[in-house]
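Trainee: What follows is a predicted protein model with its sequence.
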Amino acid sequence: MNTATLSPGSGLVAGWAVRTGLDLAGWGLRRATRRTDRELQLSRLEARATAEAALAARDELIRRAGYLPL
């Protein structure tokens with residue numbers, strides 16, 4: 001028989017700690033999956049390159065027009 005006395009709130013704190021730990025572990029796994037997903041990284045790089053090219057083309061058109069829109 002265990003004679004250790006626990007405060008009534010200790011079960012709540014322990015449950016909170018376990019749930020928080022599990023949430024953090026899940027977040028870490030999702031983050032690791034995102035960071036190592038090669039196809040996702042390549043698609044993001046391609047989208048970024050496309051956006052940068054479109055921005056450069058727009059800037060060139062504005063320069064050729066001779067004015068800067070406000």
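Mentor: Everything's here; your move.

Trainee: where does this structure have low pLDDT?
Mentor: For the chain, applying pLDDT under 70 flags the ranges 1-11, 35, 67-70.

Trainee: what's the spacing between the residue nearest the centre of it and Glu46?
Mentor: Closest to where the C-alpha atoms of the chain average out (C-alpha atoms, centre = their mean) is Arg31, at 7.0 Å. Here Arg31 is placed at a distance of 22 Å from Glu46 (C-beta to C-beta, to the nearest Å). The C-beta positions use only the backbone N, C-alpha and C, and glycine is treated the same way.

Trainee: And for Gly15?
Mentor: Gly15 is 45 Å from Glu46, where distance means C-beta to C-beta.

Trainee: Just give the number of residues close to Thr36.
Mentor: If you count neighbours by other C-beta atoms under 10 Å, Thr36 ends up with 9.

Trainee: ok, now which ones touch it?
Mentor: The contact partners of Thr36, by C-beta atoms under 8 Å, 6 or more residues apart in numbering, come to none.

Trainee: That one and Leu29: what is the separation?
Mentor: Distance, Thr36 to Leu29, using C-beta to C-beta: 11 Å.

Trainee: tell me which element Arg19 falls in.
Mentor: helix 10-36 (DSSP states H and E).

Trainee: Oops, could you answer that again for Arg63 instead?
Mentor: Assigned by DSSP H and E, Arg63 belongs to helix 38-65.
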